[in-house]
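Enquirer: show me the folded form of this:
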Amino acid sequence: MNADRAQQVHQSAELLFDDKSVDKGIAALAEKVEAECGEDFPLVLCVMNGGLYLTGQLLRHWNFPLTLDYVHATRYRLATLGKDVLWKAYPQNEIRDRNVIIVDDIFDQGYTLEEVKSYCYKHGARKCLSVFLIRKSHQRKMADIQPDYVGLECGDCYVYGVGMDLNGHFRNLSSIYALPEKVV
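Expert: So this is what the prediction gives:
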């Protein structure tokens, strides 16, 4: 999708969460996670690219020692439907005997989270917690995995903004939008 088409599609999108709602959700997430993990000197793993926005915002709120790293494990590859998880980058920091906080944008079916958690435990993580900005409500989830912390909930729709993209566009928006079904 080129930039002109993305702009046209954006004009028909529905605003789900404005920037104030998003900021409030992120602040609440940050507070909950800090209360549980703030004294653990955790390794924070940002799941690229979607988790970049949320990770940056969480870091603004956290006042505890941590190590920041990232992974790039993706299913979407600039598409609207996910495929098998593709690893593009692994963490650079030691995981063994660390508490890990995995930060990502959206919990949809759970495949990426399962893959990243499995990697962390295989490499000796003591504990893995996951933090998501938004969770979709539908019945297609993996039965055996759920996120530990979620800021916002939405229905089964295609969403973008605040780290989530529309075919590579609009990750930078501070609000979350949903596409009408006919556009997806």
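
Enquirer: which element follows the helix or strand hosting Y119 toward the C-terminus?
Expert: Here Y119, judged by DSSP states H and E, is contained in helix 111-122. Sequence-wise, the next helix or strand downstream of helix 111-122 (DSSP H and E) is strand 127-136.

Enquirer: for this protein, what spans make up the strands?
Expert: Secondary structure of the chain (DSSP state E): strands at 14-17, 43-47, 67-74, 86-89, 99-107, 127-136, 149-154, 159-160, 176-178.

Enquirer: which regions of this protein sit below the pLDDT cut-off?
Expert: Filtered on pLDDT under 70, the chain yields the residue ranges 76-83, 141-143, 182-184.

Enquirer: now for the longest helix anywhere in it, which elements pack on it?
Expert: Ranked by residue count under DSSP state H, the longest helix found in the chain is helix 19-37. Using 3 or more C-beta pairs under 8 Å, 6 or more residues apart in numbering; DSSP states H and E as the contact test, the elements touching helix 19-37 are helix 51-61, strand 99-107, strand 127-136, strand 149-154. C-beta: built from backbone N, CA, C; applies to glycine.

Enquirer: thinking again about what came up before, I'd like the strands of the chain laid out as a markdown table, including distance to Y119.
Expert: Formatted as a markdown table, these follow (distance: least, C-beta to C-beta, whole Å):
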| stretch | distance to Y119 |
| --- | --- |
| strand 14-17 | 30 |
| strand 43-47 | 9 |
| strand 67-74 | 8 |
| strand 86-89 | 8 |
| strand 99-107 | 10 |
| strand 127-136 | 9 |
| strand 149-154 | 20 |
| strand 159-160 | 26 |
| strand 176-178 | 28 |
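
Enquirer: circling back to that earlier point, okay, the helices and strands packed on helix 19-37 in CSV with mean neighbour count and distance to K88 next?
Expert: CSV is the format used below for the helices and strands packed on helix 19-37 (neighbours: other C-beta atoms under 10 Å; distance: least, C-beta to C-beta, whole Å):
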stretch, mean neighbour count, distance to K88
helix 51-61, 20, 13
strand 99-107, 25, 14
strand 127-136, 22, 19
strand 149-154, 18, 25
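
Enquirer: mind putting these into TSV with distance to G38?
Expert: Formatted as TSV, the helices and strands packed on helix 19-37 follow (distance: least, C-beta to C-beta, whole Å):
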stretch	distance to G38
helix 51-61	11
strand 99-107	11
strand 127-136	12
strand 149-154	13
